[in-house]
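In: Sequence first, predicted model second:
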2 protein chains.
Amino acid sequence: MIKCDRCQLRRMSGFRSMSADEAKLIGDFKSGEMRCEPGMNLISEGTFSPHLYTVLEGWGFRYKSLEDGRRQILNYLVPGDLIGLQGALLQEMDHSVEALTPMRLCVFERSRFLTIFEKSADLAFDVTWIASREERILDGHMLSLGQRTALERAAYLIVFLYYRGLRSGLLVPTNAQIPLSQNLIADTLGLSLVHTNKTLKRLAQRKLIVWRGRACEVLDPEGLCALAEWEPPPAGPRPLI
Amino acid sequence: MIKCDRCQLRRMSGFRSMSADEAKLIGDFKSGEMRCEPGMNLISEGTFSPHLYTVLEGWGFRYKSLEDGRRQILNYLVPGDLIGLQGALLQEMDHSVEALTPMRLCVFERSRFLTIFEKSADLAFDVTWIASREERILDGHMLSLGQRTALERAAYLIVFLYYRGLRSGLLVPTNAQIPLSQNLIADTLGLSLVHTNKTLKRLAQRKLIVWRGRACEVLDPEGLCALAEWEPPPAGPRPLI
DNA sequence: CGCCTGCTTGAACGCTATCAAAAAACGTGG
DNA sequence: CCACGTTTTTTGATAGCGTTCAAGCAGGCG
C-alpha cells in the first residue's frame, strides 16, 4: 500500500517531480488534511464549497441527480485527482461527491486558488492539465453511455477503473479488486439494477471478471478491452497538486 | 449578426474585459485566422494538432466514434469556446471536430501555449475557467444520456443549445433557429434516427418546438426546461481567449 | 436471532432499435 | 424554370434489449 505522504505518493505513482519552490507554494495553499468514510458526502450538489481537495488515498465518486431520484455517476476519484475543479471555479457545485472507500484528502482554500496561478505557471499548467484529462475521460464515458450496448458498457467501465486503479497505486495486478456495489455500476452505466446484475453475470461467464461481494475482480483486462473496443491511455507521468 | 471582430464579439456577448497587456499577449500567441465550411473536419481523432482554436463565429461540434461507425456527439461549439483543450494538452486528440455552419476561428500555436501561463495569471485562470465550464457541461450531458428518457433528453438538448446560442450571440429570442439535422440529434442523444424523429414530433405536438428543415425552432423554452427538469446556468460574464 | 443491505432470478411489459419504403426538401446543371 | 440525383424527414411494422414487478436468497452486524 501507498504510504500517504505526498513525496511517497509522488514516487510510487509516476507523478512528475516538483521544485522546492513549488512544494512550498503548495504547502502555503494547503489548509489541512481530512479523512472521509465510505458513504460520506464530501460535497453536495447546489452548495458552495470553500475548499478544493486533492485525493491522497482511497476511491470516491462524483454524481448528479434528477429531482425524482434518478442518479448518474459521472466519474470515479483516485489519488492525484482534484475535487472541486469541475463545477465552475468560483460558483456553487453542480454535482455531489461521495467516498467509496475510506479516503484521505488534502484540503485547499478555494479563495487562495488564484495565488497558485500568480506564483507558478507550471502549477497553473498542471491544474489545467488535470482538468483537460478529466474532460478526456468524460468524453470516453459519454461515448460509452450513448453508443455502447449494456455488455460493452460494463466491460468498458470495469477495465477503465482497473487501469485507473493500477496507475494511481490503488490496485496491483496480482490482486485487482475494484470496490463497487452493483447499484453503483447500474447508476454509472445508466442501466437498471436488475439488468446490470445479469450483464455482470455474462461477463463472469466469459471469465472476464469475478464478482466478490461489493467488489469486482478483473481476470482478463485484454478481453474486456477487446469487448469494449477500448484501449487504456499511455501511462505517462502526471502532476500532483 | 455579430461582426467578427474580437472587440465587437466581446462587447456583444458579455465577455469579461481584458487589459492592453493581455490583448497584446494574445495577439502574439495568435498565429492567424481561418474559416471552415459545414461538414469540414477541423480535427480528426487520433491525430496530433499543432494548433488550438477559439471559435469566433458559427456552430461546430465535437464527437468520438467506435470502429464500427457508431458515433457520439460530445458537445457543440459556439463563439468563445476553445477547441483543442479537451484532449490532453500536449497529446494527440482523442475526438474529432466538425463545422456545423460556416465558422470563423482564431488559430493559436499549441507550442506557445505555456507562454500564456507564464506571462499572465489571469489568462491562465481564464483557460482553466473555460475548461472547468466545459466539464460542467459534460456532466450535464452525462446525466441526460444516462438517466433521462428519450423525450426528456431531446428537450434538454434543445433548450441547452437554445441558451447556448443566445448567450454566445448566435441566436436572438425572436428568431431562435438552431442549425441541426435529425441525424446529429440522434447521435447526440444516443438514439436511433427513426426514434429521434418520432420523439421530435412529440415535442412539436406539444408546441414546444417546430422543425424547419435542417433547423429546430424553439417555441417554449420554459416548457422544455420543465420537461427536462433543467435550468439554464446564470448568465455571467465569461472570458474570451 | 432478526434485520438490513446487497445480490440473484423469473416473467411480463414496453421503450427503442431495426427494417423497409416513401415522401419531401435540397442542390445542381441543363 | 424544370429535371434529376441526393440528402433529409416521415411513416408503419416487427423484433429485441432493457425495465419493471415480484420474490427469494445470502451475508454482515447489532
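Out: Perfect, I can see it now. Numbers count the residues shown, from 1 in each chain, chains lettered A, B, ... in the order given.
In: Quick one: neighbours of A:R35, just the number.
Out: Neighbours of A:R35 under the rule other Cβ atoms under 10 Å in any protein chain shown: 13. In this view, the C-beta of every residue, glycine as well, is placed from N, C-alpha and C.
In: nope, A:G58 is what I meant
Out: Using other Cβ under 10 Å, A:G58 is surrounded by 22 other residues.
In: Please report the distance of it from chain B.
Out: Computed as Cβ to the nearest Cβ, to the nearest Å, the A:G58 to chain B distance reads 22 Å.
In: got a list of what that residue touches?
Out: Contacts here follow Cβ atoms under 8 Å, 6 or more residues apart in numbering or on different chains; on that basis A:G58 touches A:36, A:79, A:99-104, A:170.
In: Tell me the bridge partners for A:C106.
Out: Counting by DSSP bridges, A:C106 is bridged to A:E33, A:T54.
In: Now do the contacts for it.
Out: Counting by Cβ under 8 Å, 6+ apart, A:C106 has contacts A:6, A:30, A:33, A:53-54, A:56.
In: Tell me how many other residues surround the closest residue to A:F15 other than its chain neighbours.
Out: Spatial nearest neighbour of A:F15, excluding adjacent residues (Cβ to Cβ, 6 or more residues apart in numbering or on different chains): A:L240 at 4.3 Å. The local packing count at A:L240 equals 23, with neighbours defined by other Cβ under 10 Å.
In: From the contacts of A:G58, which land in strands?
Out: A:36, A:99, A:103-104 (DSSP state E).
In: Need the per-residue pLDDT for the residue nearest the centre of chain A.
Out: The residue lying closest to the centre of chain A (Cα atoms, centre = their mean) is A:L77, at 2.1 Å. Looking at A:L77, its pLDDT stands at 97.
In: was I right about it contacting A:L56?
Out: No - if you go by Cβ atoms under 8 Å, A:L77 and A:L56 don't touch, sitting 11.0 Å apart.
In: overlap in contacts of those two?
Out: With Cβ under 8 Å, 6+ apart, A:L77 and A:L56 have common neighbours A:M103.
In: measure the residue nearest to A:H51 when sequence neighbours are not counted to DNA strand C for me?
Out: Nearest in space to A:H51, with sequence neighbours left out and distances taken as Cβ to Cβ, 6+ apart, is A:V107 at 5.3 Å. Applying Cβ to the nearest atom of the strand, to the nearest Å, the value for A:V107 to DNA strand C is 27 Å.
In: before we move on, what about A:G140?
Out: In terms of Cβ to the nearest atom of the strand, A:G140 sits 20 Å off from DNA strand C.
In: Am I right that that residue is in contact with A:Y163?
Out: No - counting by Cβ under 8 Å, A:G140 does not reach A:Y163; the two are 11.5 Å apart.
In: Domains in chain A, by residue range?
Out: What automatic domain parsing lists as the domains of chain A is A:6-140, A:148-228.
In: can you tell which of those domains is closest to B:Q182?
Out: Between B:Q182 and the domains of chain A, the tightest spacing by Cβ to Cβ is seen for domain A:148-228, at 21.9 Å.
In: distance between the ends of that closest one?
Out: Domain A:148-228 has its terminal residues 8 Å apart, counting by Cα to Cα, to the nearest Å.
In: who in chain A is up against DNA strand D?
Out: Contact residues (Cβ under 7 Å from any atom of the strand) of chain A with DNA strand D: A:149-151, A:190-196, A:198, A:213.
In: out of those, which touch DNA strand C?
Out: Applying Cβ under 7 Å from any atom of the strand to these, those adjacent to DNA strand C are A:193-194, A:198, A:213.
In: Now tabulate these in TSV and tack on neighbour count and secondary structure.
Out: Listed next are these as TSV, based on neighbours: other Cβ atoms under 10 Å in any protein chain shown; DSSP: H, G, I helix; E, B strand; the rest coil:
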residue	neighbour count	secondary structure
A:L193	12	helix
A:V194	10	helix
A:K198	12	helix
A:G213	5	coil
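In: Pick the one among those closest to DNA strand D.
Out: A:V194 (3.3 Å; Cβ to the nearest atom of the strand).
In: if we can go back for a sec, would you mind putting the domains of chain A into TSV with distance to B:S144 alongside?
Out: Below are the domains of chain A laid out as TSV (distance: least, Cβ to Cβ, whole Å):
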stretch	distance to B:S144
domain A:6-140	8
domain A:148-228	10
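In: what's the least confident stretch among those domains?
Out: Among the domains of chain A, domain A:6-140 scores lowest, with a mean of 87.
In: Tell me if I'm right that A:N183 and A:L193 touch.
Out: Yes - contact criterion Cβ under 8 Å: A:N183 and A:L193 qualify, at 5.9 Å.
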